[in-house]
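**Q** One predicted model, sequence on top.
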Amino acid sequence: MKPLIQVFFAIPCGKFYETQCKIITRLCDAYNIEPIINEKDLLTESLLDQILDQITKCDYFIADISSGSQNVIFELGYALKAKHRSKIAILLSNISKCPSDLYALKRLQYESYKEYATKLNNWLSQFFKESHIIDDQGLIVPDYYEAFNDQDLFLKKWDTPLGCDYSLTFNGFRFSNAHLPVLSKHLAFLQDYIFEFECLINRSTIGWVVNGTKFNFEDSLIDFCVMFNLSTDGHLTPHIFSKKDINPKSHYHVFDGLIIKETINYKERLNIKTSVHGSIIKIEINDIKIYQQDLSHEPFDKYYNSIDNKTNQIGFRCHPGEEATVYSVKVASMTEDDKSTLLEDELLKLV
């Protein structure tokens with residue numbers, strides 16, 4: 001039997017907008033909805049006609065404008081002309097900037113995947129006589145996980161800077177010569193998150209990035225990122241890259257690091273977990289807490305606070321002469337307990 005309702009979802013990169021797609025699939029199954037999601041990044045004339053026809057004929061239209069995708073904004077503009085406002089939902093991550101022309105429109109804002117699912121579920125439920133209340137377990141999606149074993153998926157999900165040398169081996173992503181980071185394309189929607197990865201430092205140092213912004217391919221730069229370098233002699237060094245204040249020598253602003261006192265063999269496989277709660281960042285290596293800092297305070301504040309819209313891309317960096325292998329990556333929303341622990345630790349530092 002044909003589903004009673006068709007909903008057009010305007011989201012970037014089709015099925016590679018992975019976590020949101022899993023939530024959409026879960027909700028559409030529950031409500032017997034037929035989701036319409038177009039996977040093409042580039043519009044041809046025939047595809048454009050097809051998309052506009054689908055928007056016109058669908059029962060409801062939902063757009064997530066968090067990515068700033070021009071295709072999504074275009075589709076939303078057409079939907080606003082073709083459909084009644086009551087049949088249109090606009091979603092926006094709390095850390096993403098709303099285009100000025102859309103300020104006057106009601107938006108469903110979210111700061112985590114679970115809140116995204118809840119807002120979407122509540123909006124859909126108003127059109128059904130019987131609401132399909134989905135329990136929390138139904139709304140929880142698996143952590144984002146990347147094992148670096150598919151070249152096509154890698155190219156869809158990651159941006160590599162010019163000159164970066166890399167290979168996807170049978171057990172990981174091996175790379176070097178990346179002064180600017182290898183950066184994710186689609187993880188920019190979590191406000192508070194835990195970024196965990198397994199790695200091996202093949203030569204000298206590995207760097208990893210949080211709070212990154214997407215590449216601007218016109219000048220091959222990003223706007224901002226926070227980076228940590230870890231070397232095989234146990235040094236951890238924070239860096240900040242800000243396009244508004246580029247260091248003329250190294251691009252990055254380098255801050256005083258620390259020598260890790262705990263016994264860890266940095267020439268063996270490592271598990272590195274970075275928790276990000278606003279401007280507070282905590283790092284654990286092999287389940288040992290190594291570092292915690294509020295980057296909105298001195299000496300980081302001048303550079304950290306210079307960019308408002310930190311879109312929380314993650315990434316990896318090896319300067320020329322360095323090499324590392326990343327075996328797997330997990331990203332998850334931070335729980336309330338995680339946030340409380342982080343804030344309690346921060347208060348203890350002030351006592």
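**A** Sure thing, it's come through.

**Q** what are the ranges of the helices in the protein?
**A** For the chain, the helices defined by DSSP state H occupy 18-31, 45-57, 70-82, 113-125, 136-139, 151-157, 301-304, 336-350.

**Q** Tell me how far the first one lies from the chain's centre.
**A** Okay, so that is helix 18-31. 18 Å (CA atoms, centre = their mean, to the nearest Å).

**Q** So which bits of it are buried?
**A** Of the residues in helix 18-31, Glu18, Thr19, Gln20, Cys21, Lys22, Ile23, Ile24, Arg26, Leu27, Cys28, Ala30, Tyr31 count as buried by neighbour count, 16 or more other CB atoms under 10 Å. C-betas here are computed from N, CA, C, even on glycine.

**Q** picking up where we left off before, any idea which of the helices of the chain has the lowest pLDDT on average?
**A** Least confident of these, judged by mean pLDDT, is helix 136-139 with a mean of 50.

**Q** how's the chain carved up into domains?
**A** Split into domains by automatic domain parsing, the chain comes to 5-139, 144-350.

**Q** between these, which has the poorest average model confidence?
**A** For the domains of the chain, the bottom mean pLDDT is recorded on domain 5-139, which sits at a mean of 81.

**Q** Quick one: closest of the helices of the chain to Ala63.
**A** helix 70-82 (4.3 Å; CB to CB).

**Q** Tell me which other helices or strands that closest one touches.
**A** Contacts defined by 3 or more CB pairs under 8 Å, 6 or more residues apart in numbering; DSSP states H and E place helix 70-82 against strand 5-10, helix 45-57, strand 60-64, strand 88-93.

**Q** Which strands border the top strand by length along the chain, and is each parallel or antiparallel?
**A** Secondary structure of the chain per DSSP state E: the longest strand is strand 313-333. Next to strand 313-333 in the sheet, as set by DSSP bridges, lie strand 144-146 (antiparallel), strand 172-184 (antiparallel), strand 192-203 (antiparallel), strand 205-212 (antiparallel).

**Q** Pro320 is nearest to which of the ones you listed?
**A** Closest among the strands paired with strand 313-333, once you apply CB to CB, is strand 172-184, at 4.9 Å.

**Q** chain center to that closest one: distance?
**A** 17 Å.

**Q** Only the buried residues of it, if you could.
**A** For strand 172-184, using 16+ other CB under 10 Å, the buried residues are 172-184.

**Q** Nearest to Ile283 among those residues?
**A** For the buried residues of strand 172-184, the minimum distance to Ile283 (CB to CB) is 16.5 Å, reached by Pro181.
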